[in-house]
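[1] Sequence plus predicted model, see below.
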Amino acid sequence: MTEMNFEQARFNMIEQQIRPWEVLNQRVLDLLSEVPREDFVPPQYRNLALVDTSLPIGHDQFMMSPKLEARILQCVDVKPTDTVLEIGTGSGYLTALLAKLARKVFSIEIIPEFIKTAQVKLADHGFNNVSLEEGDAAKGWTLDAPYDVIVLTGSLPVLPDTFRDSLNIGGRLFAIVGDAPSMEGLLITRVGEHEWTTESVFETDIAPLTNATQPDRFEL
């Protein structure tokens with residue numbers, strides 16, 4: 001695919017996949033035009049980078065579809081002064097989108113190879129406001145808390161309280177919670193010291209975070 005083809009495919013992605021899925025925030029749409037998704041996917045899938053599907057990135061992990069990434073960005077509404085926590089760096093593409101919007105992004109990844117690859121890609125695109133950390137953050141990450149925005153890139157059967165407790169007042173947390181095939185994308189906003197609101201934004205089904213907390217399940 002030539003660069004001209006990529007630009008046409010990017011336009012089609014935004015107009016045919018993302019806008020119809022209720023992503024109408026112009027700042028988000030402009031961002032998707034600016035950051036080349038094809039540079040962050042594994043080379044063998046470069047020509048599929050702008051297609052409406054999740055893509056394998058190795059270690060049994062997948063990139064979310066472009067419309068899901070866009071909807072998440074619209075939900076959390078990152079401000080230029082925000083400090084963001086991302087759980088699951090993966091390809092580094094969503095990390096890049098968040099970094100383009102925020103003051104600082106802390107991205108936590110359990111797979112060392114993903115960190116190394118993402119570091120190179122982010123540096124190649126001039127991002128210097130991202131801190132990549134290796135660790136298991138499926139139950140929370142409080143090292144640089146509190147945060148203005150927290151985004152979890154894998155699902156959780158149950159959401160540990162640690163995440164919502166790590167928000168600043170006014171902070172937003174996006175998490176996909178539940179069991180396959182029916183999961184909810186939740187936007188949780190901290191509105192007081194001991195008060196949060198929860199909005200169910202959409203239904204979806206994505207792979208769980210590694211070492212995600214499991215609920216007590218009834219067995220006969």
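    Received, thanks.
[2] For the biggest helix by length in the chain, buried residues please.
    Determined from DSSP state H, the single longest helix within the chain is helix 112-124. Neighbour counts over helix 112-124 (16 or more other CB atoms under 10 Å) mark Phe114, Ile115, Thr117, Ala118, Lys121, Leu122 as buried. (Glycine included, C-beta is placed from N, CA and C.)
[3] got a pLDDT number for the first one?
    If I follow you right, that is Phe114. At Phe114, the pLDDT value in this model is 98.
[4] End to end on stretch 175-186, go ahead and measure it.
    This stretch, stretch 175-186, spans 5 Å end to end (CA to CA, to the nearest Å).
[5] any idea how far the closest residue in space to Thr142 that isn't next to it in sequence is from Ile115?
    With sequence-adjacent residues excluded and distances taken as CB to CB, 6 or more residues apart in numbering, Thr142 is closest to Ser166, at 5.6 Å. Per CB to CB, to the nearest Å, Ser166 is found 21 Å from Ile115.
[6] where do the helices sit along this structure?
    3-12, 26-34, 66-76, 93-101, 112-124, 161-165.
[7] And the strands in this protein?
    55-58, 61-63, 83-87, 104-109, 130-134, 147-152, 167-179, 182-192, 195-204 (DSSP state E).
[8] Of those strands, which is nearest Tyr93?
    strand 61-63 (6.7 Å; CB to CB).
[9] got a list of contacts for that closest one?
    Residues outside strand 61-63 that contact it (CB atoms under 8 Å, 6 or more residues apart in numbering): 40-41, 54-57, 90-91, 93, 111, 114, 206-207.
[10] Sheet partners, orientation included, of that strand?
    Strand 61-63 has these partner strands in its sheet, going by DSSP bridges: strand 55-58 (antiparallel).
[11] Not counting its own residues, what contacts the strand it pairs with?
    Contacts for strand 55-58 (CB under 8 Å, 6+ apart): Val41, Pro42, Tyr45, Leu48, Ala49, Phe62, Met63, Gly90, Ser91, Glu113, Phe114.
[12] I figured the fourth one was touching Arg37, is that so?
    Going back to what we said before, that points to Leu48. No. Counting by CB atoms under 8 Å, Leu48 does not reach Arg37; the two are 10.1 Å apart.
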